[in-house]
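> what follows is a predicted protein model with its sequence.
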Amino acid sequence: MEHLKLFIKRLSCIIKGITDAGKGAFVSPEAEVKFPRRVHLGEDSILESRSRLIANGETASIKVGRYTTIYPYALLKANGGKIEIGTASAIHDYSVLYGNFGISIGDDVHIAAHVVMVAFEHDYEKLGSIDFSLHMTGRGIKIGNSVWIGANVVILDGLTIGDGSVIGAGAVVTEDIPPNSIAYGVPAKVVKKRK
């Protein structure tokens, strides 16, 4: 019976065109995967129904670590960059990750619903011209290990959230958050350290 389950999981990856998938990785039939040869799924990772992974751009890649789940309606869109998620992490419903200049997410990271990460910047002086969308800049986003990001958080380009930190619901992160910090607000501020 176990062999049959593994075969079905493997078949789910092959049907979606994902050739780089670890043992036990599963892709729901209702998940959307575009440019699947640029997607790597770790062992026992899960792409749930209506999750969306779009590895668009010649240099793009999306790597989902072992035991990590991408929940319904979450969108990971590489836009030429790299999105890497570590082991035993979760990207919950309706979260959006734009990885233009890279997003690195560590192990045991819990990203609640409706979180937005934007790993690029527009030059607002170019608004109204074609250059506004063509010439973006960015430094990427880095999320450490054992981080919890609450619902409706926005994380802007160029930022690092340190290991063990908690970002409260609704926060807008505009500066780096040190390890083992609890931060919330608009803009997000560290309110205390974790023990």
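Done, it's in.
> what about the residue nearest to A151 when sequence neighbours are not counted, how many neighbours?
Once flanking residues are discounted, A151 sits nearest to A112: 4.1 Å by Cβ to Cβ, 6 or more residues apart in numbering. From N, CA and C alone the C-beta is placed, and that goes for glycine too. Using other Cβ atoms under 10 Å, A112 has 20 neighbouring residues.
> please name the residues that touch the most centrally placed residue in the chain.
Centrality entry for the chain: nearest residue to the mean C-alpha point is L97, 5.0 Å, by Cα atoms, centre = their mean. L97 is in contact with A74, L75, L76, K77, I83, I91, I103, V116, M117, A119, counting by Cβ atoms under 8 Å, 6 or more residues apart in numbering.
> for the last one, what are its contacts?
If you count contacts by Cβ under 8 Å, 6+ apart, A119 has them with G81, L97, Y98, G99, N100, F101, G102, I103, G138, G140, I141, D157.
> most widely separated two among the residues you listed?
Using Cβ to Cβ, the contacts of A119 reach their maximum pairwise distance at L97 and G138, which is 13.2 Å.
> would you mind giving the secondary structure of S133?
Per DSSP: H, G, I helix; E, B strand; the rest coil, the local secondary structure of S133 is helix.
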